[in-house]
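1. fold the following.
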Amino acid sequence: MGILAGKKILVTGVLTDASIAFHIARIAQEQGAEVLLTSFGRALSITNRISARLPQLAPVIELDVTSVEHLDALAEKVRQHVPHLDGVVHSIGFAPEAALGGNFLNTAWEDVATAVHVSAYSLKSLTMATRPLFTQPTGASVVGLTFDAQVAWPKYDWMGVAKAALESTNRYLARDLGKENIRFNLVAAGPIRTMAAKSIPGFDEFEQVWNSKAPLHWDVTDPVPAAQAAVALLSDFFPKTTGEIVHVDGGVHAIGG
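-> Residues are numbered from 1 along each chain as shown. Okay, the predicted model is just below:
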């Protein structure tokens, strides 16, 4: 019996087996959960292939979090596989190239809007789309992934602003849906060499920061510690924790410059 025994978990953002989301799905299955994945567009076929690398093959539901049609249809698509959900993992983030890489002062609103919509507002959209699947009085746990937005990072630019918006959205959702016993928490992971990281110009600069500041050794190729934290938050081990950000970054957030 694992800590997620019998739970039904929806995991977004599985693209490769190097992603944090993949390892959340893997560990969740190992801890007894039934897992569903989402993907969309050209990534859909990739996610289907990656699903086969999990301990148990997980169904993949098409979901574009910026599509009202997809969001409206999500609950019914989930019900084709499981009767309800106990947890949702938000592992979604995107910023256009113009919103990254040191172009902060010149980025157009259209690019900023895309970053905020996909990376922050989608937490609310995904929650509202899955809310009908949460049972009372059990409620549910919604866990998202962030990158510490307390400071301005080199080259991260408007994605940093979007992550700050994600963190604020997490708190407001915790406030408004706590009465339904829905918990909202984020895992702030240190830099991991994922597909998303490859799209960030100057990612090596993050590695240099962690190599010099982390009290605990940090391995940019190891997504497992962050995934383990997410699985713990999905479990019943944190029944009264919400609106929180758990840092899994080797301790960098706690160390001054």
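
2. is residue 9 in a helix, a strand, or coil?
-> Secondary structure state of residue 9, per DSSP: H, G, I helix; E, B strand; the rest coil, is strand.

3. so it makes contact with residue 38?
-> No. Taking contact to mean C-beta atoms under 8 Å, the distance of 11.6 Å between residue 9 and residue 38 leaves them out of contact. To be clear about C-beta, it is placed using only N, CA and C from the backbone, and glycine gets the same treatment.

4. how near is the spatially most central residue of the chain to residue 248?
-> Compute the mean C-alpha point of the chain, and by C-alpha atoms, centre = their mean the closest residue is residue 91, 2.4 Å away. Separation of residue 91 from residue 248 (C-beta to C-beta, to the nearest Å): 14 Å.

5. over to residue 139?
-> When distances are taken as C-beta to C-beta, residue 139 and residue 248 turn out to be 24 Å apart.

6. quick one, which of these two is more surrounded?
-> Set side by side, residue 139 and residue 248 give different neighbour counts by other C-beta atoms under 10 Å, the larger being at residue 248 (23 against 18).

7. quick check: phi and psi on the more buried one?
-> Geometry field for residue 248 lists phi and psi as phi -120, psi 80, criterion degrees, to the nearest 10.

8. which residues of the stretch 151-257 of the chain fall in strands?
-> Counting by DSSP state E, counting those that start in this stretch, the stretch 151-257 of the chain has strands at residues 182-189, 244-248.

9. give me the angle between the first one and strand 244-248.
-> Okay, so that is strand 182-189. When axes from the mean of the first three to the mean of the last three C-alpha atoms, to 10 degrees is applied, the directions of strand 182-189 and strand 244-248 differ by 30 degrees.

10. in contact with residue 4, which residues?
-> Under the criterion of C-beta atoms under 8 Å, 6 or more residues apart in numbering, the contact partners of residue 4 comprise 28, 31, 32, 33, 86, 87, 231, 234, 235.

11. residues touching the closest residue to the last one other than its chain neighbours, list them.
-> Beyond its immediate neighbours in the sequence, the residue positioned closest to residue 235 (C-beta to C-beta, 6 or more residues apart in numbering) is residue 3, lying 4.1 Å away. Listed by C-beta under 8 Å, 6+ apart, the contact set of residue 3 reads 31, 32, 231, 232, 235, 236, 237.

12. just give the nearest non-adjacent residue to the fourth one, would you?
-> The one in question is residue 232. Spatially, and ignoring its direct neighbours in sequence, residue 232 is nearest to residue 238 (6.8 Å; C-beta to C-beta, 6+ apart).
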